[in-house]
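Student: Next one to model:
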Amino acid sequence: MKSGIIIIAPLESPMRERILELQRRFDPKLAASLPPHVTIAGSSGMGPISTRTTVAELRAALEPIARATPPLSLPLVAPVRFMQSNVVSLALDPHGPIRALHDRIKAAGLLAEAPRFTFTPHVTLNFFPEPTPPKLRQMLAVRVAEPVVLKRLQCHETLDLTNTRQLLELELTGAAQG
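Tutor: Alright, predicted model coming up:
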């Protein structure tokens, strides 16, 4: 994995603990790398942001977006396997407020690589081990009725697949619409 800056939205309690428990069960290495989160920018829809981007530039681009965006409460749908792989994640609808947030970040003028995939927001359950067929069935059977709540954005520089360095955290403080 190339070094770059990703933008994640860590899950809030109590779903953070529920998802972390699932990650520990299915992929302890993933569970130890980053908190349970939704990647907003840096993997799908928008490639990683250049590591030449300073924290001041990130703040200038993202702070107005965070101030205008209210906390998000989003339902998870049934688990899916990522294209031609055994990586399993709980998907989110790629439309609505999560898409609006992603699109505002993408349009903020930050230098980023081209995306490899269309925007597919999700919460990853496993990444590293090749699951056995029974584990794969268990992951695909997971159902989560409660929504995930996103209240913060974090910028992380990816150093390698399991090591990141947090550069910035911003609260989503916008007023809810309607």
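Student: contacts and neighbour counts: CA atoms only from here.
Tutor: OK.
Student: What residues sit buried inside stretch 9-27?
Tutor: 9-12, 15-16, 19-23, 26-27 (16 or more other Cα atoms under 10 Å).
Student: Sitting in helices, which of those do you find?
Tutor: 15-16, 19-23, 26 (DSSP state H).
Student: Rebuild the residues you listed as CSV, extending it with pLDDT and distance to Leu172.
Tutor: Formatted as CSV, these follow (pLDDT from 0 to 100; distance: Cα to Cα, whole Å):
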residue, pLDDT, distance to Leu172
Met15, 94, 18
Arg16, 95, 17
Ile19, 96, 21
Leu20, 96, 22
Glu21, 95, 26
Leu22, 95, 26
Gln23, 95, 25
Phe26, 94, 30
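Student: Could you dump the buried residues of stretch 9-27 into CSV with distance to Met139 added?
Tutor: Output for the buried residues of stretch 9-27, formatted as CSV (distance: Cα to Cα, whole Å):
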residue, distance to Met139
Ala9, 22
Pro10, 21
Leu11, 19
Glu12, 21
Met15, 17
Arg16, 17
Ile19, 12
Leu20, 13
Glu21, 12
Leu22, 9
Gln23, 10
Phe26, 8
Asp27, 11
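Student: Report the spatially closest residue to Gly47, excluding sequence-adjacent ones.
Tutor: Pro115 (4.1 Å; Cα to Cα, 6 or more residues apart in numbering).
Student: Look at that neighbour and tell me its secondary structure.
Tutor: With DSSP: H, G, I helix; E, B strand; the rest coil as the basis, Pro115 sits in coil.
Student: From Leu159, how far out is it?
Tutor: Pro115 is 19 Å from Leu159, where distance means Cα to Cα, to the nearest Å.
Student: Which residues are in contact with the nearest residue to Ala141 once chain neighbours are set aside?
Tutor: Spatial nearest neighbour of Ala141, excluding adjacent residues (Cα to Cα, 6+ apart): Pro79 at 7.4 Å. Counting by Cα atoms under 8 Å, 6 or more residues apart in numbering, Pro79 touches 88-91, 139-143.
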